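**Student:** Task: produce atomic coordinates for the following.
(one chain, ligands or ions: 1)
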Amino acid sequence: MSACSGGGGGTTATPPSTSSNSVTSGTTSPVGSVDSTALERVVPEPSNITAAAGTFTLTGAAAIHASPGAEPVAADLAACIKQQTGLAPQSTPSINATIQLVLQPTGGDASLGTEGYTLAITPTSVTLTAATDAGLFHGVQTIRQLLIGAKLQAGTITDRPRFAYRGVMLDVARHFYSVADVKAYIDAAALYKVNEFHLHLSDDQGWRFTVPGWPKLATVGGASQVGGGPGGYYTAAELKEIVGYAASRYLTVIPEIDMPGHVGAAVSAYPTLACDGRHHGPVTTASPGYDALCTTSESTYRFVDSATEAAADATPGPYLHLGGDEAQALDLTQYDAFIQRAQNLVASHGRTPIAWAEAGTAPLLPQTVLEYWNTAQPQPYVTQAADRGTKLIMAPGNHAYLDQQPTPDFPLGLHWAGYTPVSKAYDWDPVTVLPGIGPSSVLGVEAPLWSETVKSLKDAETLAFPRLPAIAEIGWSTPNTHNWPKFSQRLADQGPLWDKLGIAYYKSPEVPWGQG
Ligand code: TNX
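**Tutor:** Just a heads-up that it's a prediction; the model follows:
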């Protein structure tokens, strides 16, 4: 059973009435004309677009052939087409089908890498080719965005990402979100070819997953959130369900356990984790409680070992985020010593550690990745770590933080990094945003959504759209495609799709909605 990603709250389309000469009846592009603008609506902007004459029109007779291994993505495409057009293409063993999904692990276009694809549309056929199912899935997202009614402009798109790491982060600690809401957020991100889902699972206000041997982390530490609501936590089965769902949308879950600061919820469950047994948590206000783990106590490291092991067991991906931000209650010696031991414990569970950039003060393992966020304070140790070979994920607060208000009167969000209108979310380059960093240091980009002010999925989507697609484009597209007027038009073209899918979004006055 396949569901189309991005369709959480969507409405079901009714099939268009198709006339016998429907191929020639396109209102946007009659046969013979080349309407390149109809192909220039995809976000993120593809690497290469060549428009051709004519239009492919889906009819009730459309059928999809999947080459061996491409069946799951083909089923997803069929579900997406049904959702958007009301037409239900059948799968067919015939290699003469009008829609072909071709998985070509070898012998294809090697320049497309592990996530690229080629999409060839003629008036009579649609052929999507990739070396991996992830590439095919990304191509399906392109088809979804190109569909105007039941029509696709003819042409060829070849496409591949600029960066390997294209992430979004959801903070489920400040406010808790149901599994269904998390899945809907994953769906919305997948539409923009995001491939990493960073889940901020613990903070002062809540601990959100179960850890064997430490039951009160979830039952006590999970029973709170900003504003004093009931909070909640994911059982091991629920976390597995999120991980599996993300994988079906080609996103890898990166669990984060934030330590040694931002631990109010954990310390409220097990006060001995603090040196003096005193703590502020679980905090129900938005501000951090400045609790810290006792860095000189062996029981702290037994806790870190158990928690990181549980997170690693739940998530098969290569990374595990150990937090490391804003540990104000510790001095640098205590902090650095903790980071060293914590990263070793993460590595001992077979995962590559990621930490917020502050961890750059500590001696890092060669594989530890830093996530750059704090644009408000100079952090020379970040560039120094990069000089020593540390890879960076770029999430600059003043461009990529989806929780920053777009305008002063926006009802949701914070503004410590400044107001972030859509144009500013789009206006940066990961390899130049931090002076002194070479391109080879940059693993990719991330758009975090902190949830102090974010009470519901609708709130989350309203902050994330249309800025999440902007960050996704920064991560996927090459800098030579960078063009705000064109990008804002392409964003406007996404509006009807979001309306159809039930994705809430901010109708920013910077975007020419409804003029496309
Ligand atoms: C800073 S970014 C934090 C978070 C807050 C966020 C609000 C980071 C690593 N720490 O704890 O939620 O600002 O924008």
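**Student:** So what pairs up with the residue most central in space within the chain in the strands?
**Tutor:** The centroid of the chain falls nearest to Val168 when counting by Cα atoms, centre = their mean (3.2 Å). Applying DSSP bridges to Val168 yields these beta-bridge partners: Phe197, Ala447.
**Student:** Gly206 versus that one, what's the distance?
**Tutor:** 20 Å (Cβ to Cβ, to the nearest Å). Every C-beta, even on glycine, is put in place using the N, C-alpha and C of the backbone.
**Student:** Could you do Ala223 as well?
**Tutor:** Ala223 sits 8 Å away from Gly206, taking Cβ to Cβ as the criterion.
**Student:** which of these two has more neighbours?
**Tutor:** Taking Ala223 and Gly206 together and counting by other Cβ atoms under 10 Å, Gly206 has the greater number of neighbours (32 against 20).
**Student:** Residues in a beta bridge with the more buried one, which ones?
**Tutor:** Taking DSSP bridges, one obtains Asp203 as the residues bridged to Gly206.
**Student:** so where does the residue nearest to Val243 when sequence neighbours are not counted fall, helix or strand?
**Tutor:** What sits nearest to Val243 in space, not counting adjacent residues and going by Cβ to Cβ, 6 or more residues apart in numbering, is Val253, at 4.7 Å. Using DSSP states H and E, Val253 falls within strand 252-259.
**Student:** neighbouring contacts of the very next helix or strand once past that strand?
**Tutor:** Past strand 252-259, heading to the C-terminal end, the next element that is a helix or strand (DSSP H and E) is helix 264-269. For helix 264-269, the external contacting residues (Cβ atoms under 8 Å, 6 or more residues apart in numbering) are 173, 202-207, 214, 216-217, 219-222, 224, 273-274, 279-283, 288-289, 291, 293, 303.
**Student:** Please flag which of the residues you listed sit within helices.
**Tutor:** Lys216, Leu217, Thr219, Phe303 (DSSP state H).
**Student:** farthest-separated two in the residues you listed?
**Tutor:** Thr219 and Phe303 (15.7 Å; Cβ to Cβ).
**Student:** burial count for whatever residue of the stretch 351-500 of the chain ends up closest to the ligand?
**Tutor:** Proximity to the ligand, evaluated over the stretch 351-500 of the chain using Cβ to the nearest ligand atom, is greatest for Trp450 at 3.4 Å. Other residues near Trp450 number 23, with proximity taken as other Cβ under 10 Å.
**Student:** Which pLDDT does the model give the spatially closest residue to it that is not a sequence neighbour?
**Tutor:** In this structure, Trp450 finds its nearest non-sequential neighbour in Asp403, 4.2 Å apart by Cβ to Cβ, 6+ apart. Here, the pLDDT recorded for Asp403 equals 98.
**Student:** do you know how far Tyr506 is from Leu402?
**Tutor:** Using Cβ to Cβ, Tyr506 is found at 11 Å from Leu402.
**Student:** Now for those two: what residues contact both?
**Tutor:** Contact criterion Cβ under 8 Å, 6+ apart; residues bridging Tyr506 and Leu402 by contacting each: Leu463.
**Student:** The two: who's more crowded?
**Tutor:** Neighbours were tallied for Tyr506 and for Leu402 using other Cβ under 10 Å; the higher tally belongs to Leu402 (26 against 20).
**Student:** quick check, that one in a strand?
**Tutor:** No. The secondary structure assignment for Leu402 gives coil rather than a strand, going by DSSP: H, G, I helix; E, B strand; the rest coil.
**Student:** the strands in the stretch 301-450 of the chain, which residues?
**Tutor:** Shown for the stretch 301-450 of the chain, the strands assigned by DSSP state E, counting those that start in this stretch span residues 319-323, 352-356, 369-372, 392-394, 442-449.
**Student:** can you pull the contacts of the closest residue to the ligand within the stretch 251-400 of the chain?
**Tutor:** Residue of the stretch 251-400 of the chain nearest the ligand, by Cβ to the nearest ligand atom: Asp325 (3.4 Å). For Asp325, the residues meeting the contact criterion (Cβ under 8 Å, 6+ apart) are Asp258, Gly261, His262, Trp356, Ala357, Glu358, Trp373.
**Student:** List the contacts of whichever residue of the stretch 1-150 of the chain sits closest to the ligand.
**Tutor:** Of all residues in the stretch 1-150 of the chain, Pro44 sits closest to the ligand, at 24.0 Å by Cβ to the nearest ligand atom. Taking Cβ under 8 Å, 6+ apart, we find Pro44 in contact with Tyr192, Lys193, Pro469, Ala472, Glu473, Gly475, Trp476, Ser477.
**Student:** Spell out which parts of the stretch 351-500 of the chain neighbour the ligand.
**Tutor:** In this structure, the stretch 351-500 of the chain approaches the ligand at residues Trp356, Trp373, Tyr401, Asp403, Leu414, Trp416, Trp450, Glu452, judged by Cβ under 6 Å from any ligand atom.
**Student:** State the number of residues packed around the nearest residue to Pro366 once chain neighbours are set aside.
**Tutor:** Here the nearest residue to Pro366 in space, its sequence neighbours aside, is Gly389; by Cβ to Cβ, 6+ apart that works out to 6.3 Å. Gly389 is surrounded by 11 other residues when neighbours are defined as other Cβ under 10 Å.
**Student:** now Gln489
**Tutor:** Neighbours of Gln489 using other Cβ under 10 Å come to 17.
**Student:** before we move on, what about Asp305?
**Tutor:** Burial measure for Asp305: 18 neighbouring residues, criterion other Cβ under 10 Å.
**Student:** and if you look at Pro105?
**Tutor:** 10.
**Student:** All further residue positions should be reported with the first residue as 606.
**Tutor:** Sure, I'll start numbering at 606, so the last one becomes Pro710.
**Student:** Helix, strand or coil: sort out it for me.
**Tutor:** What three-state DSSP gives for Pro710 is coil.
**Student:** The closest residue to it other than its chain neighbours: neighbouring residues, count only.
**Tutor:** Closest residue to Pro710 in three dimensions, ignoring its sequence neighbours and counting by Cβ to Cβ, 6+ apart: Ala736, at 5.6 Å. With neighbours defined by other Cβ under 10 Å, the count for Ala736 comes to 21.
**Student:** and Ala736, backbone torsions?
**Tutor:** phi -80, psi -20 (degrees, to the nearest 10).
**Student:** correct me, but it touches Gly712?
**Tutor:** No. The pair Ala736 and Gly712 does not pass the contact test of Cβ atoms under 8 Å, sitting 9.1 Å apart.
**Student:** Just to check, Tyr924 is in contact with Arg956?
**Tutor:** Yes. Tyr924 is within contact range of Arg956, at 6.2 Å (criterion: Cβ under 8 Å).
**Student:** In a markdown table, list the contacts of Asp930 along with neighbour count, distance to Ser1061 and pLDDT.
**Tutor:** Below are those laid out as a markdown table (neighbours: other Cβ atoms under 10 Å; distance: Cβ to Cβ, whole Å; pLDDT from 0 to 100):
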| residue | neighbour count | distance to Ser1061 | pLDDT |
| --- | --- | --- | --- |
| Asp863 | 27 | 23 | 98 |
| Gly866 | 25 | 27 | 96 |
| His867 | 29 | 23 | 96 |
| Trp961 | 23 | 26 | 98 |
| Ala962 | 23 | 30 | 98 |
| Glu963 | 24 | 31 | 97 |
| Trp978 | 22 | 24 | 97 |
